[in-house]
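Trainee: Turn this into a structure:
(2 chains)
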Amino acid sequence: MSSPSTFLAALARVFPANRLLDSEAGLAPFESDGLTAFSTKPLAVVIPETRDEVIAAVRLCHAHAIPFVARGSGTSLSGGSVPIAGGLVIALNRLNRILRLDPAQRIAVVEPGTINTAVSRAAARHRLYYAPDPSSQQICTIGGNVGFNAGGAHCLKYGMTSNHVLGLTVVLPDGEVVEMGGESLENVGPDLTGLYVGHEGLFGVVLEITLRLLPMPECYRTLLAAYDRVEDAGEAVARVVAAGLLPGAMEIMDRLAIEAAEAAVHCGYPADANAILIVELEGEQRGVAADFERLKELINASGAREVRVARDNDERLLFWKGRKSAFSAVGRLSPDFLVQDGVVPRGKLGVALREIEALSRERGIRVANVFHAGDGNLHPLILYNGREPGALERAEAMAGDILRLCLRLGGSITGEHGVGLEKRTYMTDMFTPVDLEVMHRIHRALDPLELSNRGKMFPDGAAPALHRHGAHPLERAGIISRE
Amino acid sequence: MNPADSPPALEPRTVEEVVEAVRSCPQVVPVGGGTKSAATTGVAGFAPLRLGGLAGILEYDPAEYTFTALAGTPLRAVAAELARHGQYLPFDPPFGAAGATLGGTVATGVSGPGRQRYGGVRDFILGLRFVSGLGELVRGGGKVVKNAAGFDLPKLMVGSLGRLGVMVELTFKVFPEPRAYATLRADLPSLDAALIAIGRLNGSPFDLEGLELDPAGTLWLRLGGAAGTFDDRLDQLERHLGASGQRFTGEGEGAFWSGRVPLATDASRDLLVKVPVTLAAIPGLDAALAAAGATRQYGAGAHVAWVGWPRPAEELDRLLQTHGLAGMVLTGPAVQPLLGRVRGEGFRRRIKAALDPAGRFPSF
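Mentor: Next up, the predicted model:
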């Protein structure tokens, strides 16, 4: 590694002073991301406006052996965009152009700093949309979504980010620029695009992304069912699936989450329910109408104490309002909370919830549950008070137990947040040393100096961690949430 | 050396035997059902590692929409088991009737007509185990429908042509199959008119289960769902197209789709080639292919061309280069399977070096 001052001088030849930050105040906003428990001060931040500037920054990092982190809006929930001490942050927000939108071919070509919802907004006049909908979609970027293979509420039917990325132009950690995939849905040769999505920043920086767009469904039909027991809601999900229906979304909230949502946004959920299930079908009018009748029969027979059918779009949005605000609402119940992101087979949802409840009782730690039931993706919110000595450690220990529970039930440690800094230590629970060694070899083949987002995903990576207290300011404002 | 000089075939019956074969044999090439033979016949000196003995469904819980099977499991067996529970692989993997296997489908990355609705083989593979060129047994992905842990090795192996590893076990997502189908055949006046119609359909809310195109301008549009809904929906579709067509339901309907891929070619003479395309690329490509005497059909909503090529592979390689396209040979006289402008070679080379540093599998 050459001296920081030589490196900074080289950067200054590429970036004007207002886009090369190295002052205390300039660096502060970049020290942390959506996982506020981690924070580190980088050496500097650059704010490129063109892809050539991104490439130049990466090549300088390589020449000077300085580690770097590419960052979008910093909403990662796994600490994926936390800086590296002494490293560079490449902030991509200004590369936010939609370069091309071709409705006939249903594609959009975008720069990495493009906001997720901006794609759907631009596509709307062609009656198209971009399907992946992580709940921070109002501010998170496509580049970040690609890095961590972001999910959302519609993954069973539509898949994750990787299922909607057709082509990429990237700069590898040593400065080589590579194109992969293209504009067709089809490909020949190994699916390099598929490997690249979800690289957690370890394979360099994405410069341009070709996205697949989908036609907006002709209609939505949504129902909300209230249950006395959360297991019954889980059982209802299993029945819907077993009946051969393919809902766009199936979401469950437990009592604590319902109470919090109700208090926050007055969504009118049945107040004494112990669980709420929201199921939504979408598609062509005629097909959906037929399926919705079957869905109602199934739900009516599932032991629900109350079933509501959204009469119009306003009521549908009200059903969703409580669900979408659940995370910021839970923040009102507790000064701090951790969110886990484990996945279990759908049929094990009931078992998983019972065991989480038992852990909660046993440890005296409150847990609210909000989850994507259709794809078995749990989001237990583990409440704690960071000012209380040892509380964070106890919450983290409980989070670890929940992840191991997910693995024991045949699932995964992360459905959509990625491993990042947060779940590195659990990789050895999910993968064997050989699996990890092979991933390491791929990593080193692409980044022999391990400069690109060093310290993330692999269990042995050294990384910084300073604990902080309190919710993210944007989370308190209800703009982002940890799911 | 010609293929006749290849070392004798290996026929492992267990995952351990696959590991042993890769460790003990200096050069091997995995072979599934042999239906897409170009992936494995153009390589002399590599011992065929036949995986047909490594067959069987290991886990299948219909309520999870997932199953796990050994890589040599025939598609036929998978389809039959899924159908018992009203489920299917929505990307319509081709060559099932001819004996194609799950592993071969992934290794060649081929999908059928259903690809255009929910996605292709890359979108339904969830996890796998494979043997690397160093003889390591590696797991990637998971067994649940949503998973973001670790590098997405399952997707990497899609289209890897047996050059990166030997797949031994695969986990897929499946969906409930529509209860019934109906098909509309619309003969539009020209290829251009049909391409314009597809562009307009792409902006419409019709949920098409299949959208295929023949070069003369014939469109095949498939609807799925409850049988009672078809008359209205077909009327709407005809109005949208501004053309009436021939309607198919029942048994005849299914026969067209199950026979749609592959394009029939004389494998002793012609190459059968998959070429990923876009609407914009088709007119120029189709004219050039027609001039060369090639047969063509377009699938997956005009995202793939299946080409029957009667001339030397080098000529098609040049033609595809000219059009900025890539191709993969599936069957025909022995050649290197990848043709034209294949993207990402610098990236691929590094991955190959990481997974198969000693060149135990063929090069691309």
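Trainee: So for the residue of the stretch 151-300 of chain B found nearest chain A, what's the nearest residue that isn't a sequence neighbour?
Mentor: Using C-beta to the nearest C-beta, the closest approach of the stretch 151-300 of chain B to chain A is made by residue B:155 at 2.7 Å. Heads up, the C-betas are built off the backbone N, CA and C, glycines and all. Nearest residue to residue B:155 in three dimensions, chain neighbours excluded: residue A:194, at 2.7 Å (C-beta to C-beta, 6 or more residues apart in numbering or on different chains).
Trainee: which element is that neighbour on?
Mentor: Assigned by DSSP states H and E, residue A:194 belongs to helix A:192-196.
Trainee: Which strands and helices lie in contact with that helix?
Mentor: If you count contacts as 3 or more C-beta pairs under 8 Å, 6 or more residues apart in numbering or on different chains; DSSP states H and E, helix A:192-196 packs onto strand A:165-171, strand A:177-181, helix B:153-157, helix B:345-355.
Trainee: What pLDDT is listed against residue B:207?
Mentor: Turning to residue B:207, the model gives it a pLDDT of 89.
Trainee: can you list the domain ranges for the chain.
Mentor: Using chain A here. A:1-216+A:460-483, A:219-408 (automatic domain parsing).
Trainee: switch to chain B, that's the one I care about
Mentor: B:1-177+B:342-364, B:180-258, B:271-333.
Trainee: just so I know, which of the ones you listed lies nearest residue A:393?
Mentor: domain B:1-177+B:342-364 (23.4 Å; C-beta to C-beta).
Trainee: and the closest one, average pLDDT?
Mentor: Domain B:1-177+B:342-364 comes out at a mean pLDDT of 94.
Trainee: do the same with stretch A:406-413
Mentor: 96.
Trainee: quick one: average confidence on the helix holding residue A:194?
Mentor: Rounded mean pLDDT across helix A:192-196 is 98.
Trainee: which residues are in contact with it?
Mentor: Residues from elsewhere that reach helix A:192-196, judged by C-beta atoms under 8 Å, 6 or more residues apart in numbering or on different chains: A:146, A:162, A:165-168, A:170, A:180-181, A:187, A:203, A:206, A:442, B:122, B:151-156, B:158, B:343-344, B:347-348, B:351.
Trainee: Narrow these to those that are buried.
Mentor: In the contacts of helix A:192-196, burial by neighbour count holds for A:146, A:162, A:165-168, A:170, A:180-181, A:187, A:203, A:206, A:442, B:122, B:151-156, B:158, B:343-344, B:347-348, B:351, counting by 16 or more other C-beta atoms under 10 Å in any protein chain shown.
Trainee: and stretch B:267-286, C-alpha only, in PDB?
Mentor: Only the C-alpha atoms of stretch B:267-286 are listed here, as PDB (Å, rounded to 0.1, in the frame of the first residue of the first chain):
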ATOM      1  CA  ALA B 267     -27.800 -34.100 -37.100                       C
ATOM      2  CA  SER B 268     -25.400 -35.900 -39.500                       C
ATOM      3  CA  ARG B 269     -25.200 -32.800 -41.600                       C
ATOM      4  CA  ASP B 270     -26.700 -29.800 -40.000                       C
ATOM      5  CA  LEU B 271     -25.800 -27.900 -36.800                       C
ATOM      6  CA  LEU B 272     -28.700 -27.100 -34.500                       C
ATOM      7  CA  VAL B 273     -27.800 -23.900 -32.800                       C
ATOM      8  CA  LYS B 274     -29.400 -21.700 -30.100                       C
ATOM      9  CA  VAL B 275     -28.900 -18.000 -30.700                       C
ATOM     10  CA  PRO B 276     -30.100 -15.500 -28.000                       C
ATOM     11  CA  VAL B 277     -31.800 -12.600 -29.900                       C
ATOM     12  CA  THR B 278     -33.900  -9.500 -29.400                       C
ATOM     13  CA  LEU B 279     -36.800  -8.100 -31.500                       C
ATOM     14  CA  ALA B 280     -34.400  -5.600 -33.000                       C
ATOM     15  CA  ALA B 281     -31.900  -8.200 -34.000                       C
ATOM     16  CA  ILE B 282     -34.300 -10.600 -35.700                       C
ATOM     17  CA  PRO B 283     -34.900  -8.900 -39.100                       C
ATOM     18  CA  GLY B 284     -31.200  -8.700 -40.000                       C
ATOM     19  CA  LEU B 285     -30.400 -12.100 -38.700                       C
ATOM     20  CA  ASP B 286     -33.300 -13.800 -40.300                       C
END
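Trainee: hmm, it touching chain A?
Mentor: Yes: Stretch B:267-286 comes into contact with chain A (C-beta under 8 Å from any C-beta of the partner chain), by way of B:274, B:275, B:276, B:277, B:278, B:279, B:280.
Trainee: how close does residue A:220 sit to residue A:370?
Mentor: Separation of residue A:220 from residue A:370 (C-beta to C-beta, to the nearest Å) stands at 21 Å.
Trainee: ok, which stretches of the stretch 51-200 of chain B are strands?
Mentor: For the stretch 51-200 of chain B, the strands defined by DSSP state E, counting those that start in this stretch cover B:57-61, B:66-70, B:87-88, B:125-131, B:137-141, B:166-173, B:175-176, B:180-187.
Trainee: The third one packs against which elements?
Mentor: Counting by 3+ C-beta pairs under 8 Å, 6+ apart, the packing neighbours recorded for strand B:87-88 are strand B:175-176.
Trainee: Is the strand it packs on positioned near chain A?
Mentor: Yes: under the criterion of C-beta under 8 Å from any C-beta, strand B:175-176 makes contact with chain A via B:175, B:176.
Trainee: what's in contact with that strand?
Mentor: Taking C-beta under 8 Å, 6+ apart as the rule, strand B:175-176 contacts A:244, A:245, A:246, B:65, B:86, B:87, B:88, B:90, B:118.
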